[in-house]
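1. All I have is the shape, not the residue letters:
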């Protein structure tokens with residue numbers, strides 16, 4: 001069969017197709033370490049306030065503003081958010097969380113990518 005492929009000049013094309021298929025199947029865009037971050041911030045600690053709604057989470061300073069985020073909404077990461085590690089410098093991509101009720105806080109953010117600096 002190989003001799004027939006060589007004779008018909010299809011072998012180089014088959015090898016090329018296999019190599020391209022292998023390259024595509026082995027590429028992993030999620031863990032390549034090349035995430036581009038738009039912001040830098042500092043996680044300063046947990047929000048320990050006791051209130052009726054929208055308390056809790058962690059405080060994060062981005063630029064001149066202080067926001068809060070819910071650690072359960074973080075993307076996969078290896079951050080240790082224990083008090084011993086605060087404050088923690090991070091790089092992140094984020095957006096303001098849309099208010100979903102009268103009780104929603106305007107300082108909540110959703111973090112799409114985050115890594116320790």
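-> Structure received. All values derive from a computational prediction rather than experimental measurement. Residues are numbered from 1 along each chain as shown.
2. For the rest of this, base every contact and every neighbour count on C-alpha atoms.
-> Will do.
3. Below-threshold pLDDT in the chain: ranges please.
-> 1-11, 19, 21-33, 100-104 (pLDDT under 70).
4. Break it into its domains for me.
-> 1-30, 39-116 (automatic domain parsing).
5. how about those in TSV, adding mean neighbour count?
-> TSV is the format used below for these (neighbours: other C-alpha atoms under 10 Å):
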stretch	mean neighbour count
domain 1-30	10
domain 39-116	15
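6. What helices and strands are in contact with the strand or helix carrying residue 90?
-> Residue 90 is located in strand 88-96, with elements delineated by DSSP states H and E. For strand 88-96, the packing partners by 3 or more C-alpha pairs under 8 Å, 6 or more residues apart in numbering; DSSP states H and E come out as strand 39-46, strand 109-116.
7. Tabulate the ones you listed (TSV), appending distance to residue 66.
-> Converted to TSV, the helices and strands packed on strand 88-96 look like this (distance: least, C-alpha to C-alpha, whole Å):
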stretch	distance to residue 66
strand 39-46	9
strand 109-116	10
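8. can you tell which of these is closest to residue 99?
-> Proximity to residue 99 (C-alpha to C-alpha) singles out strand 109-116 among those, at 10.4 Å.
9. Excluding covalently adjacent residues, which one is nearest to residue 47?
-> If the residues on either side of it in the chain are set aside, residue 47 comes closest to residue 56, at 4.7 Å by C-alpha to C-alpha, 6 or more residues apart in numbering.
10. Show me where this structure has its helices.
-> Using DSSP state H, the helices of the chain run over 2-7, 11-26.
11. ok, back up a step: adjacent strands (with direction) for the strand holding residue 90?
-> strand 39-46 (antiparallel), strand 109-116 (antiparallel) (DSSP bridges).
12. Of all the ones you listed, which one is nearest residue 12?
-> strand 109-116 (41.6 Å).
13. Contacts only, for residue 43.
-> By C-alpha atoms under 8 Å, 6 or more residues apart in numbering, the contact set of residue 43 is 58, 59, 60, 61, 86, 87, 88, 89, 90.
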